[in-house]
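[1] here is my input; please provide its structure:
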Amino acid sequence: MNAIVITVDARGSGGSVAGIERIQRRLSAAPVGDWLLPFTPTVGDEIQAVAGDPVAVCDAIQHLAREACWIGIGIGIVDELRSEARLSGGPAFDMARSAIERANARQGRGRRKANVDGVVPDWPLAVGHSDPDTARVVEYALALHWSYVHRRTDRQHAIAVRLDTASTQAQIAHELGIGANVVSKSMAGAAYQESNAARQLAQHAIREALGAE
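    Residues are numbered from 1 along each chain as shown. Okay, the predicted model is just below:
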């Protein structure tokens with residue numbers, strides 16, 4: 001079957017598992033979408049999960065954009081789905097491994113290489129797919145979604161998350177003890193509508209990638 005494998009590696013952990021355990025708890029607290037296997041430890045300070053749909057992937061990216069980590073995503077065939085991701089196998093797992101190694105390498109010093117289309121990736125995520133063009137399209141869409149969420153202030157993100165759960169601006173202002181005008185300004189500063197558009201674009205690209213396998 002076709003699925004999406006997500007590998008997450010904590011940055012700056014120095015071999016400690018505390019950082020990745022905290023990330024795992026946050027990702028597992030309120031999962032959204034179709035998760036075939038939840039995030040569980042693999043090797044070192046990495047965790048891995050298997051998603052069945054684009055909604056799950058984009059929700060995870062929204063959480064991970066607020067963390068210090070590398071993200072490797074493999075979209076393709078999963079031959080073997082067992083109780084945990086580390087016990088499972090298939091080309092999608094190999095592509096996720098290759099992707100996280102590429103993402104990790106980008107954050108090193110020195111001049112970064114441009115892709116074949118002239119884009120120089122400076123985001124900490126990479127995507128693998130049997131078709132390189134498809135992989136780049138998905139990666140660019142996810143990177144756009146990641147960048148909008150990553151640059152938010154804590155207040156902007158808190159408001160954006162509440163908006164995602166269908167709270168009204170008036171309710172959010174009351175919950176946070178701030179004025180409605182502050183909520184409105186925070187929405188603009190968080191690029192809330194643009195972020196939603198990027199998320200929809202990423203979901204469409206992943207859906208197409210799953211069907212292309």
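
[2] first to last residue in stretch 185-201, what's the distance?
    25 Å (C-alpha to C-alpha, to the nearest Å).

[3] quick check: buried residues in it?
    Neighbour counts using 16 or more other C-beta atoms under 10 Å place 186, 187, 190, 191, 192, 195, 198, 199, 201 of stretch 185-201 among the buried residues. The C-beta positions use only the backbone N, C-alpha and C, and glycine is treated the same way.

[4] got the contact list for that stretch?
    Identification of contacts with stretch 185-201 by C-beta atoms under 8 Å, 6 or more residues apart in numbering yields 58, 62, 141, 144-145, 148-149, 151-153, 155-157, 159-160, 163, 169.

[5] filter the buried residues of stretch 185-201 down to the ones in helices?
    186, 187, 192, 195, 198, 199, 201 (DSSP state H).

[6] can you put the residues you listed in TSV and add distance to residue 95 and pLDDT?
    TSV is the format used below for these (distance: C-beta to C-beta, whole Å; pLDDT from 0 to 100):
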residue	distance to residue 95	pLDDT
186	37	88
187	36	87
192	32	90
195	26	94
198	23	97
199	22	96
201	21	97
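
[7] tell me which two of those residues sit farthest apart.
    186 and 201 (23.0 Å; C-beta to C-beta).

[8] got the contact list for the residue minimising distance to the centre of the chain?
    Central residue of the chain (C-alpha atoms, centre = their mean): residue 61, 2.1 Å from the mean position. Residues in contact with residue 61 (C-beta under 8 Å, 6+ apart) are 71, 125, 142, 145, 146, 149, 202.

[9] what sits against the last one?
    The contact partners of residue 202, taken as C-beta under 8 Å, 6+ apart, are 54, 57, 58, 61, 138, 141, 142, 144, 145.

[10] which residue sits closest to the last one, ignoring its sequence neighbours?
    This means residue 145. Of all residues not flanking residue 145 in the chain, residue 198 sits nearest, at 4.1 Å (C-beta to C-beta, 6 or more residues apart in numbering).

[11] about what we covered before: buried subset of the contacts of stretch 185-201 as a PyMOL selection?
    This is the PyMOL syntax for the buried subset of those, where burial follows 16+ other C-beta under 10 Å:
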select buried, resi 58+62+141+144+145+148+149+152+156+157+159+160+163+169
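
[12] measure the residue in the chain sticking out farthest from the centre to residue 152 for me?
    Relative to the C-alpha centroid of the chain, counting by C-alpha atoms, centre = their mean, residue 179 is the outermost residue, at 31.5 Å. Distance of residue 179 to residue 152, given as C-beta to C-beta, to the nearest Å: 19 Å.

[13] that's all I had, so thanks and see you.
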